[in-house]
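> Pasting a predicted model and its sequence here:
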Amino acid sequence: MKKLFFCISLLFLTVACGSDYVPKPRGYFRIDLPEKQYQSFDSTFPFQFEYPVYAAIEPDVSKLAEPYWINLKFDRFHATLHLSYKVIHGNLPKYLEDARIMVNKHIPKANAILQHEYADSANHVYGLVYEIKGSDAASTYQFYVTDSVSKFVRGALYFNQVPNNDSLAPVIDFIKADIDHLISAFRWKKLNATVDHR
């Protein structure tokens, strides 16, 4: 009886070891995303928009910062949307080219760069949105909006960690929807100050 049990066990073991190994797909931690809810950013700035309640607005304190440059911080996701403002003095083509160059810096790490135009003629908000695909791309979403006459704002989303956009895909898509909402709610305002902010 022991010999029979041993032979059957050996047979099962041999059959089990002969099957092909099938690797399991890599798993990622589950990310709990908050409910979408927005608040207004309406201050002394020359523009206003709506942004998520789970984000915070901070002034840009970098050495290159200019007036009305701000950062929209998504702390729970370690992400920042950098917003920079420029006054147009007949130099709109330069700002458009600068925005294109900043996006093209990600070409070595990008699989594709998709772009789509945005136009809200009723509020004089026109722009271009760049979606940068690729698991190692440092910035996955950039855009600019302008009134085509005197004002220009550029935005760029960055994560404060080593890029692994496959694992961050749910968060990237979540924040992209927030940025799209920001753009759709974007409005220009008149400046109160007479300072030249070139």
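Cool, got the structure. Numbering: from 1, shown residues only.

> Output stretch 109-117 as CSV - backbone C-alpha positions only.
Provided in CSV are the C-alpha atoms of stretch 109-117 (Å, rounded to 0.1, in the frame of the first residue of the first chain):
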residue,chain,number,x,y,z
LYS,A,109,11.1,58.9,-23.0
ALA,A,110,7.7,59.2,-24.7
ASN,A,111,5.9,56.5,-26.8
ALA,A,112,3.6,59.1,-28.3
ILE,A,113,2.6,62.7,-27.8
LEU,A,114,-1.1,63.4,-28.5
GLN,A,115,-2.4,66.9,-28.8
HIS,A,116,-5.8,68.5,-29.1
GLU,A,117,-6.9,72.0,-29.5
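
> buried residues in that stretch?
109-110, 113 (16 or more other Cβ atoms under 10 Å). For every residue, glycine as well, the C-beta is placed using N, CA and C.

> Out of those, which is nearest to V153?
Set against V153, the nearest of these by Cβ to Cβ is I113 (20.1 Å).

> Which strand residues bridge that closest one?
As for beta bridges, I113 partners with I132 under DSSP bridges.

> per-residue pLDDT, Y38?
Per-residue pLDDT puts Y38 at 98.

> roughly how far apart are the residue nearest to it when sequence neighbours are not counted and Y126?
Using Cβ to Cβ, 6 or more residues apart in numbering and skipping residues adjacent in sequence, the residue nearest Y38 is E50, 4.2 Å away. As judged by Cβ to Cβ, to the nearest Å, E50 and Y126 stand 19 Å apart.

> do P34 as well
In terms of Cβ to Cβ, P34 sits 31 Å off from Y126.

> Settle it for me: which of these two has more neighbours?
Each of P34 and Y126 has its neighbours counted (other Cβ atoms under 10 Å); Y126 has more, 15 against 11.
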